[in-house]
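Colleague: With the input below, show me the fold.
(one chain, ligands or ions: 1)
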Amino acid sequence: MNPQMGLAMPELPEVECVRQMLEPMIVSRTVVGVVVRRRDMVVTPDDPPGGFARSGTLATQARPVHPSELLVGGTITAVLRHGKALAFTSNAGPAVVIHLGMTGSVHPLDGEPGTHTHLIWTFADGVPLAFTDPRRFGGVWCLQSSEALQHRWEALGPDALGVRAAQLRDRLQASARPIKVALLDQHAVAGIGNIYADEALFRAGIDPHSRCDQLNASDWSPLASAIRQVLREGIQAGGASIRDYRRPDGTSGGQQRRLRVYGRLGQPCTKCGSQLAGSRLGGRATVWCPSCQTSR
Ligand SMILES: [Zn+2]
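Modeller: Modelled structure (predicted):
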């Protein structure tokens, strides 16, 4: 995948498209080798929390990663996703979690690795797989087992792609936070970023500044449905961009057309023609329609 695929940052739909691309490529393949080109992009259970890249501790103090921690000797059993995180599980026990951060990508390596390729897996057959991340906000986490992976993901909210109204209500209805801010909290619901929070609130007709505890009982169902819908549409559009990733301009085809509010500050609402308004919420640029989205 071209890391410059024209998206601000990988969100759930982009990560799901990567998962769908990788699944047929690596499941049932045996990992025979791994090259760690940057130790601080890998986090083992013995490392400081978040790993050496985030702890301010020099990675020279890190013990070498044992190849089996990065699945060498095992066969990949699944490529999973929860929220914006990817994971590979193996029949040998260990699992890895991959965060793409802002600029990360996992892609087949055809040719020589680039400067920002931090990790390369090789398989008994098939092309090698590389983790590349120029800005290094992402990383690869080694987990001892699939149970450890499950435990890690249970600490997050339910995956946004399948989120149900009751889950949203139970987790958010007591919060005094603005709904937009709460939706970005990965421990409340996993996988919603800035783009899809704005888009879902537009679809549901809810002003992003509305406090969670002021929402009506009847709001949760349309909101959950809007979240699932915008993410599904994003997957369809992202899938198109990944299939076309060799296009020299690196743009993603349908993205601009499908977004109704994100990035459209000051432009007319696609539904009512009113000028879209903007503000900052939780430090993030927020766009909404003052006519279609009402305050609770
Ligand atoms: Zn409108």
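
Colleague: what residue lies at the spatial centre of this protein?
Modeller: With distances taken as CA atoms, centre = their mean, the residue of the chain nearest its centroid is K84 (2.2 Å).

Colleague: Just the helices from the stretch 51-200 of the chain, written as ranges.
Modeller: Assigned by DSSP state H, counting those that start in this stretch, the helices in the stretch 51-200 of the chain fall at 52-55, 146-154, 165-172, 179-183, 194-204.

Colleague: who's the residue lying closest to W153 once chain neighbours are set aside bridged to?
Modeller: Excluding the flanking residues, the one nearest W153 by CB to CB, 6 or more residues apart in numbering is H82, at 4.4 Å. Yep, even glycine has a C-beta here, placed from its N, CA and C like the rest. In this entry, H82 is beta-bridged to A85, by DSSP bridges.

Colleague: got a list of what H82 touches?
Modeller: By CB atoms under 8 Å, 6 or more residues apart in numbering, H82 lies in contact with 153, 156, 159, 190-191.

Colleague: Buried ones among those residues?
Modeller: 153, 156, 159, 190-191 (16 or more other CB atoms under 10 Å).

Colleague: Flag every residue of the stretch 151-296 of the chain that's near the ion.
Modeller: Listed as neighbours of the ion in the stretch 151-296 of the chain under the rule CB under 5 Å from the ion: 269, 271-272, 274, 289, 291-292.

Colleague: Highest neighbour count among those residues?
Modeller: Within these, most neighbours by other CB atoms under 10 Å means C289, with 24 neighbours.

Colleague: and the residue of the stretch 101-250 of the chain found nearest the ion, what is it in contact with?
Modeller: Of all residues in the stretch 101-250 of the chain, F202 sits closest to the ion, at 8.1 Å by CB to the ion. F202 makes contacts with 226, 260-261, 288-289, 292-293, as judged by CB under 8 Å, 6+ apart.
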